[in-house]
Every structure is written in C-alpha cells, then in structure tokens.
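Visitor: coords please:
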Amino acid sequence: MAGKAPWISYRPELKVLDCTIRDGGLINNSQFTDEEVRAVYQACVAAGIDTMEIGYMGSQAQFPKDVYGPWRHCEEEDLRRAIGNHDAATTGLKLAAMADAGGKCDWRNENLAAKDSVLDIIRVACYANQISEAVEMLDHFHSLGYETSLNLMAVSHVSDAEIDEVLNIVKDTPASTVVVVDSYGNLYREQIDYLVHKYMDAVYPVGKEVGIHAHNNLQLAYANTIEAIILGANRVDATILGMGRGAGNCPMELLLGFLRNPKFKLRPILEACQNTILPLRSKYDWGPSIPYYITGQLNLHPRSAMAFREGKSPDAFLSFYDKTITDL
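Guide: Sure, this is the predicted structure:
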C-alpha cells in the first residue's frame, strides 16, 4: 500500500494498565488464588505492561473476609505472599490498587507509606456527586507517596455541566491521570470523541494525562479504546481475555497487537490467557451476551443482566428484554 502508513499506532508515551484481577474480581468476589494472581503478575512483567491493578482497597465492613477474597482488600501481607517483594524499578511494572469513594474504602485508616508498600499507584474511583471525598482521598494517598489517578465512573450518566465541574476540580489535585470510564458499556465512537476531547482540553494544559476504561456491553470496548488512543489518550485499560464484570472489558490480547510497540510482548499474555484465565470460564460468566447488550443500549447498570445470567434460564433473552422494558 502506498502512502505514509497513517494506521501505524506506535506511540512510546502511551501506557497500558492491566486490570484483570481488579475488574475480574467483580465476578468472583475477588476469590482468585495466589497462583492465579502470580501468573497474571508474571505475564504483565514479561509482556512489558506498564501497570497492573491487582485489586481494591475495600472496607472490611462492606466486604467481609468470609465472603470476599484478599484482592478486595490488598493488604500488604497478601500482596507480598502472592508476588513477593515487588519493585517497579526492577520489573518495569507499577502495581496499582483501586480505592472507591462512597464508603467502600476505609481510606482514612490507610496509612502505609508508598516506600513501605509494593503498591505504587492508587486509583481513586468516584461518581460525580462523590468528587469532594475523592479529592480528599487523592490528597491523602499523595501525602503517603503514592502516584494517584481519578476514575470518574458511569460517565454516560453524568451531565455535561457535572463533567465540567469535576474536571475543573480535579485540575488542582495531585492526580496524574483522569480516566473516561464507560461503566455501563453504553458509549459509541462519537461520544468517545466528545468526552476524550473534553477531558484533554481540561487537563492536558495542567500536565495531566487522559485514560480510557471501556466495558464491552455493545462489543465496542476495543473499538472505543482504539478511538481514544487515536485521539490522544495516553493511558489505556485492558484485561486478559476481556475478563471483567458482566460483558467484560477491552481484551489485552487485541490491544497489544494494535499498539505495534516492540516493548510489548504478546506471548506471555496468551500464555496467561490459555493457562490461567480461560479455565475460569467454566466457573464464571463474563463476556458479550444479549442481556448485557440490552442494558448497554438502555444505559443501565449491568447488575440486572448479571443476576439474570446467574439464573436458571440465562439465555431466555425475550423474557429479560420484556421485563427490563417494563421496569423502565
């Protein structure tokens, strides 16, 4: 083909985050074995992935240990037991955990300094009406020495005015990145264009990056991630085999091929896919399905589709559709 090959997507400043264990934990109550977590960690190191999000910093009151696995809490002893004395400078991989606003994280009692932890990054997640607490959380974790970022959740349910207000507030926080999060898997390319440009216009002038975290309800997670990259988003999330809540996420194995960066190696991801994540398919349900497509089209949280898929007739699509439309 003639021309200057504008389809080449190599961009060295673009960073990839794997959230297989964190997002995947939403379908198994974070009940991964140490061996499974270690396999994903080792794959990320070998593949040249920039960051691995290993779980949540969840409140034990809301997420009791007799129900949820250790990756819902990310306590230091559990982290070190699974992956050893991780060091980002040695491995080239930063380790992250997510802290949810709204009482889901007991963040005021999280006082372990970054220099004493294997964690490098805390990603604060909030809804628009929780931005005040999120700012406090960002300041708190920054004071402990962690790199921080902000995930504005369910952006398809947030008004333009609210988005503008959040972006204006986050400009003055220590967050290094602000992430466009399509929690309901509802967004199309035009909306991704609009939002990524809006985020970039707000935070690029103050030295922050823009990220994308796409869900696959409409089977657009990969396409929307590509679109965000083309527009200039330099922080992108993906999971191995697309593992994640409901319809899942942008598949890492597809993303690395698109990026064409020789730093990234596909084989370790395929090995983890085959030997670690694929066997979980027999126990847990995730990935594109008509109930998830319906909730995505209607801009609804996928919890109803998840509950339906766990029922006795997971493929009774008409029944789910009729009930969902009736309940609107």
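Visitor: Helices of the stretch 1-150 of the chain, residue ranges please.
Guide: Using DSSP state H, counting those that start in this stretch, the helices found in the stretch 1-150 of the chain span residues 20-24, 34-47, 76-83, 88-91, 131-143.
Visitor: Which neighbouring elements make contact with the first one?
Guide: Same thing as helix 20-24. Here helix 20-24 touches helix 34-47, strand 51-56, going by 3 or more CB pairs under 8 Å, 6 or more residues apart in numbering; DSSP states H and E. For every residue, glycine as well, the C-beta is placed using N, CA and C.
Visitor: Could I get those in JSON lines, plus columns for distance to residue 242, mean neighbour count and mean pLDDT?
Guide: Formatted as JSON lines, those follow (distance: least, CB to CB, whole Å; neighbours: other CB atoms under 10 Å; pLDDT from 0 to 100):
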{"stretch": "helix 34-47", "distance to residue 242": "14", "mean neighbour count": "21", "mean pLDDT": "98"}
{"stretch": "strand 51-56", "distance to residue 242": "15", "mean neighbour count": "27", "mean pLDDT": "98"}
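Visitor: Could you check these and tell me which one is nearest residue 292?
Guide: Within the helices and strands packed on helix 20-24, the stretch nearest residue 292 is strand 51-56; the backing value is 21.9 Å (CB to CB).
Visitor: Save the helices of the stretch 1-150 of the chain as TSV, and put in distance to residue 173 too.
Guide: Below are these laid out as TSV (distance: least, CB to CB, whole Å):
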stretch	distance to residue 173
helix 20-24	22
helix 34-47	27
helix 76-83	25
helix 88-91	22
helix 131-143	5
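Visitor: so who does residue 47 touch?
Guide: Residues in contact with residue 47 (CB atoms under 8 Å, 6 or more residues apart in numbering) are 256, 264-269.
Visitor: C-alpha coordinates for stretch 305-314, PDB please?
Guide: Below are the C-alpha coordinates for stretch 305-314, written out as PDB (Å, rounded to 0.1, in the frame of the first residue of the first chain):
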ATOM      1  CA  ALA A 305     -28.200  -8.700  33.400                       C
ATOM      2  CA  MET A 306     -25.600 -10.300  35.700                       C
ATOM      3  CA  ALA A 307     -28.400 -11.600  38.000                       C
ATOM      4  CA  PHE A 308     -30.300 -12.900  35.100                       C
ATOM      5  CA  ARG A 309     -27.300 -14.700  33.700                       C
ATOM      6  CA  GLU A 310     -26.800 -16.400  37.000                       C
ATOM      7  CA  GLY A 311     -30.400 -17.700  37.000                       C
ATOM      8  CA  LYS A 312     -31.900 -20.900  35.700                       C
ATOM      9  CA  SER A 313     -32.600 -19.600  32.100                       C
ATOM     10  CA  PRO A 314     -29.700 -17.300  31.200                       C
END
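Visitor: The nearest residue to residue 127 once chain neighbours are set aside and residue 45: what is the separation?
Guide: Ranked by CB to CB, 6 or more residues apart in numbering and with sequence neighbours excluded, the top spatial neighbour of residue 127 is residue 153, at 5.2 Å. Going from residue 153 to residue 45 by CB to CB, to the nearest Å gives 29 Å.
Visitor: Tell me which residues are up against stretch 191-200.
Guide: With CB under 8 Å, 6+ apart as the test, stretch 191-200 has contacts from 155-156, 163-164, 167, 178, 180, 182, 187, 210, 212, 224, 227-228, 231-233.
Visitor: how distant is it from the center of its chain?
Guide: A distance of 18 Å separates the centroid of the chain from that of stretch 191-200, by CA atoms, centre = their mean, to the nearest Å.
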